[in-house]
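# What follows is a predicted protein model with its sequence.
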Amino acid sequence: MGIYFTVLSSGSTGNATVIQHGGTSLMIDAGLSAKRLDALFQEREISGAELDGILVTHEHSDHIKGLGAMSRKYNLPIYANLNTWAALEKSVGAIPEENRRVFETGEKHDFGSLRVESFGISHDAAEPVGYTFDDGTEKLSVATDLGYMSDKVRDAISDSDVLVLEANHDVELLRMGRYPWNTKRRILSDIGHLSNEAAGAALSELMNGRIKRTYLAHLSRDHNMMDLAKMSVRDAMESRGCFYRDHEFKLCDTYYDRPTPWDRVGEP
Ligand SMILES: Nc1ccn([C@@H]2O[C@H](COP(=O)(O)O)[C@@H](O)[C@H]2O)c(=O)n1
């Protein structure tokens, strides 16, 4: 059957990823307007009407901007833990009871034969999470907006075939950049965002022969570039003794303004 996915948009201007498995379609986050999400769906020849639900990682606007509108437009259930529900309540508008689903951190929910599990991450939100998608043969994990890679996150995602992993910034570019110092301190903190270096360090510990691709996600437009991110992540891996050949492992692009091509998790 296979797990297929496309990262529709990634970055602080809006995040959304669609995962399909057999007859199941799920979206992680809805951080763009419903109009923009519909346009991104069209680019990948899908419709919001096909979705079975939206899984929320946390309540920051770049993850929930279009959440209420999409849920109402297509009558979609929203899945989030109770603390995230409380935190997004004011932003999401009226959602009927039947579409308010609770997905507590650490729980597993089956959507058809796709098992979805959430895991806690460290970010300055009420109770932020990442998600894994596993059909028993293929496994995809999505971990963005994390200040650091905890042992728990590593355990949750280490047996994945494909990762969507944050590589938000180059530390030097951020330090020299135009953001206020408080914002820089927040981004660099344990409840901020993973740098290129930190993403590479995390990957060097995760590499086990199973992970075939990692999509570098949530890149800062002010303090990163895809080529720089790829080079820094690879350097960070190699400096820790983690060398790979291009046919064994790939770093893949995500974009803030267009979707990634459909990818099948089980593809070599
Ligand atoms: N003036 C700003 C700019 C950004 N942020 C937050 O910083 C994080 C990183 O943003 P990038 O666009 O550089 O990836 C993200 O959480 C932004 O929301 C901010 O608070 N103030």
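Yep, that arrived. Because the structure is predicted, anything quoted here is derived from the model rather than measured.

# tell me the contacts of the nearest residue to Phe243 once chain neighbours are set aside?
Leaving aside its chain neighbours, Phe243 sits nearest to Met237 (7.6 Å; criterion: Cβ to Cβ, 6 or more residues apart in numbering). To be clear about C-beta, it is placed using only N, CA and C from the backbone, and glycine gets the same treatment. Going by Cβ atoms under 8 Å, 6 or more residues apart in numbering, Met237 touches 200-201, 203-204, 207, 243-244.

# And those residues, which is closest to Met27?
Proximity of the contacts of Met237 to Met27 (Cβ to Cβ) peaks at Leu203, which lies at 25.6 Å.

# residue contacts, that closest one?
Listed by Cβ under 8 Å, 6+ apart, the contact partners of Leu203 are 163, 165, 211, 214, 233, 236-237, 242.

# Okay, and it sits in which element?
helix 196-206 (DSSP states H and E).

# any residue of that helix up close to the ligand?
No. Taking Cβ under 6 Å from any ligand atom as the criterion, helix 196-206 and the ligand are apart, separated by no less than 12.2 Å.

# What parts of the protein come near the ligand?
Counting by Cβ under 6 Å from any ligand atom, the chain comes close to the ligand at 12, 168, 179, 183, 187, 193, 220-223.

# what do you get if the cut-off is 5 Å, keeping everything else the same?
12, 183, 220, 222 (Cβ under 5 Å from any ligand atom).

# What about the residues you listed, which are in helices?
The members of the residues of the chain next to the ligand that map onto helices under DSSP state H are Thr183.

# which of the residues of the chain next to the ligand tops the neighbour count?
When neighbours are taken as other Cβ atoms under 10 Å, the top entry among these is Ser220 (22 neighbours).

# pretty sure that one is touching Asn168, no?
Yes. Applying Cβ atoms under 8 Å, one finds Ser220 in contact with Asn168, separated by 5.3 Å.

# Common neighbours of these two, please.
Overlap of the contact sets of Ser220 and Asn168 (by Cβ under 8 Å, 6+ apart) consists of His193.

# hey, where'd the helices end up in this protein?
34-43, 61-64, 67-74, 82-92, 151-157, 171-176, 181-188, 196-206, 226-238.

# need those in TSV with distance to Lys108 and mean pLDDT, can you?
TSV is the format used below for these (distance: least, Cβ to Cβ, whole Å; pLDDT from 0 to 100):
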stretch	distance to Lys108	mean pLDDT
helix 34-43	27	98
helix 61-64	22	98
helix 67-74	23	98
helix 82-92	17	97
helix 151-157	11	97
helix 171-176	36	98
helix 181-188	32	98
helix 196-206	21	98
helix 226-238	30	98
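
# pretty sure Arg72 is touching Val92, no?
No. Taking Cβ under 8 Å as the definition, Arg72 is not a contact partner of Val92, at 9.6 Å.

# With Asp161 as the reference, measure out to the residue in the stretch 151-268 of the chain positioned nearest to the ligand.
Closest to the ligand within the stretch 151-268 of the chain is Ser220: 3.1 Å, counting by Cβ to the nearest ligand atom. Separation of Ser220 from Asp161 (Cβ to Cβ, to the nearest Å): 27 Å.
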